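Student: below are the sequence and a predicted model for it; my questions follow.
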Amino acid sequence: AQSVAQPEDQVKVAEGNPLTVKCTYSVSGNPYLFWYVQYPNRGLQFLLKYITGDNLVKGSYGFEAEFNKSQTSFHLKKPSALVSDSALYFCAVRDWASSSNTGKLIFGQGTTLQVKP
Amino acid sequence: ETGVTQSPTHLIKTRGQQVTLRCSSQSGHNTVSWYQQALGQGPQFIFQYYREEENGRGNFPPRFSGLQFPNYSSELNVNALELDDSALYLCASSTRDNYYGYTFGSGTRLTVV
C-alpha cells in the first residue's frame, strides 16, 4: 500500500538555524513526491516536487528537498529558518496504485514547524 | 493566471442537512480533486473529476457526491450531514497527467452542529 510518514509531529528551530522536516514514503513504481505548506485557516501552498532528475530539488521560499531512493526519504530542508516559516508542512506522494490513473495524493499527518526568534 | 477559488469560505450546518461546496479550477487545468482535512490530520482524498465524470474515489460513502461542469469548475455535495463531516474541504486542480502538480484552493471550513 502507498503511504507517507512524517515521524515528527513538531519541529522547533531557532531563527537563522538550518531546518529539516522528515518524510519517508512507500510506493510501487516511481514516486512523485510533493511538499506543501499550510498556514492557519488556509489551504495548501505548493513548495516543491520531485518527479525525476536531480535528487536535490529546489522550491519556493528558499526550501529544498533531498530525494533518497535507497532510504525512501524526501526530507525538506532550509539553510536558514525564518520566523515566518512557522506553519504546518505536509509531505505527499502520488498514488500509482489506482487502476483508474486517478493520480490522487496521499498525505502524511503533517509536521508543525515552529521557528523561534 | 487565476488560481483555485472555493466558496463559501465558512459555513455551519445542522446534522442531517445537505451542503454544496463550489470550486473554480485554475486556468488550463481540466482535472479537479476534492480532499477532506479533519482537524489535526492530513488531507484525505474524496474523489476526482475529469471530463465531467468521476475518475476515482476514496473511502467515502455515497452521500458524498460531486459534479464537474464544462468549464472544469466543480461541486461537492454532502447529504445527511454527520458531526464527523466537520472539516476543511479542499479542492485541487491539475492537468490530466498531474505532471505539474496540484493547485489547491484555500478551502471551505464546514462545521456540523
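Tutor: Thanks, I have it. Values in this document were obtained by computation on a predicted structure and should not be read as measured data.
Student: what about residue 89, how many residues nearby?
Tutor: With no chain named, the answer covers chain A. Burial of residue A:89, expressed as a neighbour count using other CB atoms under 10 Å in any protein chain shown, amounts to 24. Placement of C-beta: from N, CA and C, glycine included.
Student: I was after chain B.
Tutor: A count of neighbours around residue B:89, defined by other CB under 10 Å, yields 23.
Student: what's the answer for residue B:96, then?
Tutor: Residue crowding around residue B:96 was assessed by other CB under 10 Å; the count is 13.
Student: burial of the residue nearest to it when sequence neighbours are not counted, as a residue count?
Tutor: Closest residue to residue B:96 in three dimensions, ignoring its sequence neighbours and counting by CB to CB, 6 or more residues apart in numbering or on different chains: residue B:31, at 5.6 Å. A count of neighbours around residue B:31, defined by other CB under 10 Å, yields 23.
Student: need the pLDDT of residue B:31.
Tutor: What the model reports for residue B:31 is a pLDDT of 90.
Student: how about the one 5 residues further on?
Tutor: Note for residue B:36: predicted pLDDT of 97.
Student: over to residue A:29?
Tutor: pLDDT recorded at residue A:29 is 80.
Student: ok, it - how many residues close by?
Tutor: Residues contacting residue A:29 under the criterion other CB under 10 Å number 10.
Student: again with the one 5 residues further on
Tutor: Using other CB under 10 Å, residue A:34 has 27 other residues around it.
Student: what does chain A put close to chain B?
Tutor: For chain A, the residues in contact with chain B under the definition CB under 8 Å from any CB of the partner chain are A:4, A:32, A:34, A:36, A:41-46, A:49, A:51, A:90, A:92, A:94-95, A:98, A:100-110.
Student: dump the residue contacts of the residue nearest to residue B:96.
Tutor: If you count contacts by CB atoms under 8 Å, 6 or more residues apart in numbering or on different chains, residue B:31 has them with A:103, B:25, B:48-50, B:55, B:72, B:93-96, B:98.
Student: before we move on, back to that, and the residues of chain A next to chain B, which of them are buried?
Tutor: When neighbours are counted using 16 or more other CB atoms under 10 Å in any protein chain shown, these contain these buried positions: A:4, A:32, A:34, A:36, A:43-46, A:49, A:51, A:90, A:92, A:94-95, A:98, A:102-110.
Student: which ones among those lie within strands?
Tutor: When DSSP state E is applied, these are split such that A:4, A:34, A:36, A:44-46, A:49, A:90, A:92, A:94, A:105-107 fall in strands.
Student: relative to residue B:48, how far out is the residue of chain B found nearest chain A?
Tutor: Using CB to the nearest CB, the point where chain B gets nearest to chain A is residue B:56, with a distance of 2.8 Å. Here the criterion is CB to CB, to the nearest Å. By it, residue B:56 lies 5 Å from residue B:48.
Student: what does residue B:101 give?
Tutor: Relative to residue B:48, residue B:101 is positioned 14 Å away (CB to CB).
Student: which one's more surrounded, these two?
Tutor: Residue environment comparison for residue B:101 versus residue B:48 gives the larger neighbour count to residue B:48, 28 against 19, counting by other CB under 10 Å.
Student: so which helix or strand takes in that one?
Tutor: Here residue B:48, judged by DSSP states H and E, is contained in strand B:44-50.
Student: what helices and strands are in contact with that strand?
Tutor: Based on contacts counted as 3 or more CB pairs under 8 Å, 6 or more residues apart in numbering or on different chains; DSSP states H and E, the elements that strand B:44-50 packs against are strand A:105-107, strand B:31-37, strand B:53-57, strand B:64-68.
Student: in the helix or strand of chain B with the lowest mean pLDDT, what's buried?
Tutor: Across the helices and strands of chain B, the lowest-confidence element by mean pLDDT, DSSP states H and E is strand B:53-57, at a mean of 89. In terms of neighbour count (16+ other CB under 10 Å), strand B:53-57 has its buried residues at B:55-57.
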